[in-house]
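Chemist: Take this sequence and fold it.
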Amino acid sequence: MQAISLIAAPGKLDPALVTSLQTAFGAGSAQWLAPDEAAEFPVETIPSNFEMVRANLAAIGVDLNIVPAESRKKRLLIADMDSTMIGQECIDELAAEAGVGERVADITARAMNGELNFEAAIDERVGLLKGLPLSVIQTVLDTRITLAPGGEILLNTMKANGAYAALVSGGFVQFTSAIAARFGFDENRANTLLTDGDQLSGYVQRPILGQEAKVDALNEITARLGISPEDAVAVGDGANDLAMIHHAGMGVALHAKPTVAAAAPIKVNHGDLTALLYLQGYAKSDFV
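Modeler: Residues are numbered from 1 along each chain as shown. Alright, predicted model coming up:
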């Protein structure tokens, strides 16, 4: 048995739409996880027109996904940082401070959409930051970085229910350490910007943490916790997150780049990070 999940921005999920889909799909009774925001209903089989309906609902601001009907609360949250747990790409913000923002942002966008080799793209962008004072990192954290909506509720709720949380980024530990502390992640992994005195050297420490390293992190953390990757929910937005998204028991592309959204099994384009709680079967009344 599976469940069809509908999630929209608060107040934007029409009960009449849910009832109509229930009838069309021959589904069981709907359960509302949040009034006018999140609902689900069980189905015996996936409707043959599911993808067509999903595309039609996306056009009106509703995320439609298929999830297990039972026992789906996860024991590990493994999350990307840039444009997932925060609203920005840290390297783009550093580049803006260095006066090369437009050039770096273009490379970032192409790399996250899977158009460029990740390691080559990170080397090229970091090279443009050579000579930037280290103090700029704190400036960016203080003035340019915003936490993604729903992230604190996601962490608080999952951790209150016994889950472990890991922030695993292709970005930089100089940022993940601060962001992990703000949210309350149990650990963080990322690349390290190398320094030359009180300036950035323009180089990244090897090996570079990319797509495979995120899968390795998922495997290592679940093994250490004595659980399976099936017990994890993974979330990200870029091409370097796709393998992790596919390897986890529940993989979510959140406001993802087009190629990533197209390849991911679960897509959230209209909800915020609390959507990961609804997808696991948490009701809004369960939120911490």
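Chemist: doesn't E89 make contact with A105?
Modeler: Yes - with contact defined as CB atoms under 8 Å, A105 and E89 form a contacting pair (7.3 Å). For the C-beta atoms, the positions are set from N, CA and C on the backbone; glycine is no exception.
Chemist: Mind checking which of those two has more residues around it?
Modeler: The residue with more neighbours, out of A105 and E89, is E89; 22 against 17, by other CB atoms under 10 Å.
Chemist: show me what contacts G202?
Modeler: If you count contacts by CB atoms under 8 Å, 6 or more residues apart in numbering, G202 has them with V126, G127, L128, L129, K130, G131.
Chemist: Is the closest residue in space to the second one that isn't next to it in sequence within a helix or a strand, and which one?
Modeler: Taking CB to CB, 6 or more residues apart in numbering as the measure, G127 lies nearest to G202, with 4.7 Å between them; neighbours along the chain are not counted. Secondary structure assigned from DSSP states H and E places G202 in strand 199-204.
Chemist: What residues of that strand count as buried?
Modeler: Of the residues in strand 199-204, L200, S201, G202, Y203, V204 count as buried by neighbour count, 16 or more other CB atoms under 10 Å.
Chemist: same question, stretch 143-153
Modeler: R144, I145, A148, G150, G151, E152, I153.
Chemist: Please look at the fifth one and F183 and confirm they touch.
Modeler: Yes - contact criterion CB under 8 Å: G151 and F183 qualify, at 6.0 Å.
Chemist: and for the two, which residues touch both?
Modeler: Common neighbours of G151 and F183 are listed as M85 (criterion: CB under 8 Å, 6+ apart).
Chemist: Can you check which strand is longest in the protein?
Modeler: strand 164-172 (DSSP state E).
Chemist: Kindly point out the strands partnered with that one and how each is oriented relative to it.
Modeler: strand 76-79 (parallel), strand 187-191 (parallel) (DSSP bridges).
Chemist: Which parts of the stretch 1-150 of the chain are strands?
Modeler: 2-8, 31-34, 38-43, 62-68, 76-79 (DSSP state E, counting those that start in this stretch).
Chemist: what residues does the fourth one touch?
Modeler: Meaning strand 62-68. Counting by CB under 8 Å, 6+ apart, residues outside strand 62-68 touching it are 2-8, 12-13, 17, 40, 46, 50, 53-54, 57-58, 250, 265-271, 275, 279-281.
Chemist: hang on, the earlier thing: and of the contacts of G202, the nearest to I137?
Modeler: Closest approach to I137 among those (CB to CB): L129, at 10.3 Å.
Chemist: Could you pull up the contacting residues of the nearest residue to that closest one once chain neighbours are set aside?
Modeler: With sequence-adjacent residues excluded and distances taken as CB to CB, 6+ apart, L129 is closest to L200, at 5.0 Å. Residues counted as contacts of L200 (CB under 8 Å, 6+ apart) are V126, L129, K130, G131, L132, P133, L134, L193, L194.
Chemist: Reformat those as JSON lines; add pLDDT.
Modeler: Listed next are these as JSON lines, based on pLDDT from 0 to 100:
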{"residue": "V126", "pLDDT": "94"}
{"residue": "L129", "pLDDT": "94"}
{"residue": "K130", "pLDDT": "95"}
{"residue": "G131", "pLDDT": "95"}
{"residue": "L132", "pLDDT": "95"}
{"residue": "P133", "pLDDT": "96"}
{"residue": "L134", "pLDDT": "96"}
{"residue": "L193", "pLDDT": "97"}
{"residue": "L194", "pLDDT": "97"}
